[in-house]
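Trainee: Build me a model:
(2 chains)
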Amino acid sequence: MIQVNGRDFDEHGLRAKAEARKRAGLYDTRLLGLLERDIRQEVEEHVFSMIQVVYDLQRSLEDAGARLEPPTDLSMGEPEERKGRGRSILRRLQTRFIRAVNEGYVQQQEQYNTFFTKAVDISYRQLCGALGGIDLNQVAEKRDRWLSSRPQWEEEVARAVSEQGRAQAVVVGIPGVSLLELLQEEGRLLLALDTSDKTAADAQSRFLPAWFHSQPLQILETMVPQDLGLVVAAFPEILTGEELEGLLAWAGSRMKEGGTVMLALNRVWTEQMSCDEGFVRFWPRRFLAGLMQRHGLKPQEWRAGDRIFLKGEMGA
Amino acid sequence: MGNQALAIHELLEAWGLESRIFAYDMDEYGRRFASFDPAYREFMGSEDDLLIFHYGLYCDNYRMYLESRNRKVLIYHNITPPEFYEGLYPEAERLCGLGKDLLPQLMQGDLALGDSDFNRREMVEAGFPEEKTGVLPINPPLGRLDEVTEDWDFARWLGDGRTNILYVGRAVPNKRLEDVIKLFSCYHRAINARSRLVFAGPIPINTYYAALLSLVRRMGLEDRVFFLGKVSDNRLKSCYLGSHFYVSMSEHEGFCVPLLESFHFGLPVLAYSAGAVPETMGGSGVLFFEKDYPLLAEMLDRLGRDTVLRERVLAAQRERLEEFGPDRFARRLRAVVDMFLKEKQGSGVG
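Mentor: Okay, the predicted model is just below:
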C-alpha cells in the first residue's frame, strides 16, 4: 500500500504499468531474482567473512584470558589503574588501533582499486599528451560527443536487419528505436544495450527492453538466452578490441547453425560526424572478419540502403 | 544526538543557565563545545544540578548517570536492534544488544524523554512509568545548511540533466541501503536509464560497504551508484538542491532528520513506513508499507512526470516542516527546565 500525504493512493495505474514493463521484458528474471537477494549473501560469498573470523579469534582469546583490548568499561579495570582523561585517551587509541588492523585490509583493497583506476587514467592522458600535446579536455569532450551520437538507421535498413537470423535478438549500440520496435513486434528482442544512457532511456520510454552499461559485455555475460539467433552491433566503436572479441565469443558459443551476427561498418559513412582521427576506433574490416572466423562465423559483406555491414553466419 | 545536545546547550546558555557538555568521544567540531566524560565526575555529587543524559548507543559512561546525585533527565535517541548487524558487524551487534538490555536500568531518572513518540513508547515498553515519559522532538539544524554556499563543481556534476535519487545518512544495515539500490535498479533498468543514485553519509562498516559494492556490481550499476562518504555541508546542500527524489528504505529510525532536510529543500520524499518515519513524515510525502520495487519505481516515475501530484506532495511537506520550528523546540525544553527550577525553588534549595 502507498499513501500520498496520508491518504491511500490508487495504485492500479502504477501496477498496470509495472506489469506491462515486465511483459515487455524490461525486467529479466535475473534482475527479479536479485531483488530478493539478502545482503548477507554478498558477505558470505566473499572473503569479507574474514572479519568474522578475526573477531571470533579475538573473542576466544579474550575468553581464554588473553587481554587484547582494554576493558570497555572505564570504571572497571584494575583498582590501581589510573582513571581520568589520559587513561581514557589511551584506551580509545588502543581500541581504534585494533579495529583498524581488523578491518584495514578491506580499506587497503579499496585504496588499491582507486589507485589502479587513477593510474590507468593518468597513463591514458599522458599517452594522449605525448601524441602531440593537445588540449586533453577538449579532445576528450570531442570524443565523448562523437561517441554519444548514434547512427540513426533509416526504416528500410532497420527492417532489412530485423529480417536477418532467427529467434531471439540482442542489439549492442542502439541505432534508433525502429530496429528495436520491429524486433519487439516479432517477439524477438531479448535486450538492447548501449553505453549511452540517452538512447537507452528513449527506448525505455517506449517500453522496449534497453539497458545502459559502460561495458555491455558484463551484462551479456550474466544472460542465458534460450534461443539466440541474432546479434547486432550497430556501433562497434563503443567496444574495445577485447570487448568485441568477447561479444563474438559470447555469440558464437550460444548460437546454433544459421545464427547471425551483424557488425555495422561505420567508417565508410561517418566521415561527417567524425572528429580528429586517432581518438576514435574505426574497426578495420579485416580485423572484424578475423574475429568472426575465430568464433565460427562465416563473414561476408552485406548492404542495406547505403549502409554496409559485415554479416557473419554460424556454419554447421 | 550531538546536534540536539548542542541545541539544548545553546538555549540553556541563552537563558542564562550555566551548561556544559560531556561526551565519551567527539570530533574536531565537538571539541569546541564538549569535554571528555571523566571531567563530569566533579559535578556528580551536586543535588542542585540537572543532568541531561543522551542515550543512543551503549557506552560505559551510563555508570556515571546511575551514580550521579544530580536531578536526571534521560533523552532516548533509540538503539538499533542488534539483529540488523548480525553477520555484518559482530561488535556492533554485541554493543546494540548491551544497549537494549541496559535501557530498563536507566529508569531511575526524574524524567525520560524520547525525541519521537516511537522512542517514548519503546521506553514505556521497557518498563518506564508512562507518566514520567515525554517527547522532546529534534530541532533539525536546517539554518546551518542555509548559511553555507553550494559546492559548485559537485552541483554541476549533479545538474547534467540526469535524474538524481538521493539518500542521506550513515551507511548502516538498518537503513537498508541495499533496498534503495534495488529500487534504483528497477527505475534505472526499466524506466529511466538517465538516472543516478547518490548516497551521502559516513560509511562506518567496511563489511557492509563491501557487500553493497558487490551488489551494485552484480546488478551492473557501477557507473550509476555513488557513495560519497561523509560530506561537507556545502556538498550536502548541493545534494539536496541537485536531486529529484529522496528515498528512505530504513527499517529502524528513531527520528530521521534527513527527511526534514529534504522537506526543507523541496525534495519529494518516498519512505518506507518503519520506526519513527511515519511520525516524522506526519501525513506528508509518500509513505509505503511494502517494498514492491517495480511498483515503487513507477511511483517515482509518476512523481517526476505529474507536476500537480509533485506540487501537492511538496506543499504538504512544507506544511509539516513548520511544526518543527526552533520556537516549538525551545518552548518544550523551557517547560522541562522550568519544571526542575520550580521544584528547586519550592524545596527551598538554592
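
Trainee: which SS state does residue 179 fall under?
Mentor: In the absence of a named chain, this looks at chain A. Put simply, residue A:179 is helix when judged by DSSP: H, G, I helix; E, B strand; the rest coil.

Trainee: Look at the nearest residue to it once chain neighbours are set aside and say how many residues are nearby.
Mentor: Nearest residue to residue A:179, sequence neighbours excluded (C-beta to C-beta, 6 or more residues apart in numbering or on different chains): residue A:158, at 4.1 Å. Every C-beta, even on glycine, is put in place using the N, C-alpha and C of the backbone. When neighbours are defined as other C-beta atoms under 10 Å in any protein chain shown, residue A:158 has 24 of them.

Trainee: same deal with residue B:195?
Mentor: There are 22 residues near residue B:195, going by other C-beta under 10 Å.

Trainee: Over to it: give its phi and psi.
Mentor: Dihedral pair for residue B:195: phi -150, psi 160, per degrees, to the nearest 10.

Trainee: just to revisit the earlier point, got the contact list for whatever helix or strand the residue nearest to residue A:179 lives in?
Mentor: Taking DSSP states H and E as the criterion, residue A:158 maps to helix A:155-162. The contact list for helix A:155-162, computed with C-beta atoms under 8 Å, 6 or more residues apart in numbering or on different chains, reads A:153, A:169, A:175-176, A:178-179, A:182-183, A:186, A:188, A:232, A:262, A:304-305, A:307, A:309.

Trainee: What about those, which are in helices?
Mentor: In this view, the contacts of helix A:155-162 that belong to helices under DSSP state H are A:178-179, A:182-183.

Trainee: By neighbour count, which of those residues wins?
Mentor: residue A:179 (26 neighbours).

Trainee: Correct me if wrong: that residue contacts residue A:234.
Mentor: Yes. Shown here, residue A:179 and residue A:234 form a contact pair, counting by C-beta atoms under 8 Å, at 7.4 Å.

Trainee: So, low pLDDT: which residues of the chain?
Mentor: Because you didn't say which chain, this covers chain A. Within chain A, the ranges that satisfy pLDDT under 70 run A:45-62, A:64-149, A:267-281, A:316.

Trainee: actually it's chain B I care about, not the one you picked
Mentor: B:344-350.

Trainee: How about it: which residue is closest to chain A?
Mentor: Residue of chain B nearest chain A, by C-beta to the nearest C-beta: residue B:283 (3.2 Å).

Trainee: Tally up the residues packed near that residue, please.
Mentor: 14.

Trainee: And the spatially closest residue to it that is not a sequence neighbour, how far from residue B:137?
Mentor: Spatial nearest neighbour of residue B:283, chain neighbours left out: residue A:6 (3.2 Å); criterion: C-beta to C-beta, 6+ apart. Between residue A:6 and residue B:137 the distance is 19 Å, computed by C-beta to C-beta, to the nearest Å.

Trainee: Comparing those two, which residue is more hemmed in?
Mentor: Ranked by neighbour count (other C-beta under 10 Å), residue A:6 and residue B:137 place residue B:137 first, with 21 against 14.

Trainee: which SSE is the more buried one in?
Mentor: Here residue B:137 is assigned to no helix or strand, by DSSP H and E.

Trainee: my guess is it meets residue B:329, correct?
Mentor: Yes. Between residue B:137 and residue B:329 there is a contact under C-beta under 8 Å: 6.6 Å.

Trainee: picking that back up, show me the contacts for the residue of chain B closest to chain A.
Mentor: By C-beta under 8 Å, 6+ apart, residue B:283 lies in contact with A:5-6, B:316, B:320.

Trainee: all helices in chain B, in order from the N-terminus.
Mentor: Going by DSSP H, chain B shows helices at B:2-14, B:62-67, B:90-102, B:117-125, B:142-147, B:152-158, B:177-186, B:206-218, B:233-242, B:257-264, B:277-281, B:293-305, B:307-322, B:326-346.

Trainee: Nearest approach to residue B:37 belongs to which of those helices?
Mentor: helix B:62-67 (6.6 Å; C-beta to C-beta).

Trainee: residues of that closest one that come out buried?
Mentor: B:62, B:64-65 (16 or more other C-beta atoms under 10 Å in any protein chain shown).

Trainee: out of the residues you listed, which touch chain A?
Mentor: Contacts with chain A are made by residue B:64 out of these, judged by C-beta under 8 Å from any C-beta of the partner chain.

Trainee: Tell me how far the nearest residue to residue B:164 once chain neighbours are set aside lies from residue B:167.
Mentor: Spatially, and ignoring its direct neighbours in sequence, residue B:164 is nearest to residue B:243 (4.2 Å; C-beta to C-beta, 6+ apart). For residue B:243, the distance to residue B:167 (C-beta to C-beta) stands at 9 Å.

Trainee: Now list whatever residues contact both of the two.
Mentor: residue B:198.

Trainee: So which residues on the stretch 1-150 of chain B come close to chain A?
Mentor: Going by C-beta under 8 Å from any C-beta, the residues of the stretch 1-150 of chain B near chain A are B:25, B:36-39, B:60-61, B:63-64, B:86-91.

Trainee: What about those residues, which are in strands?
Mentor: residue B:36 (DSSP state E).

Trainee: any idea which of the residues of the stretch 1-150 of chain B next to chain A is closest to residue B:307?
Mentor: Closest to residue B:307, out of all of these and judged by C-beta to C-beta, is residue B:88, at 40.8 Å.
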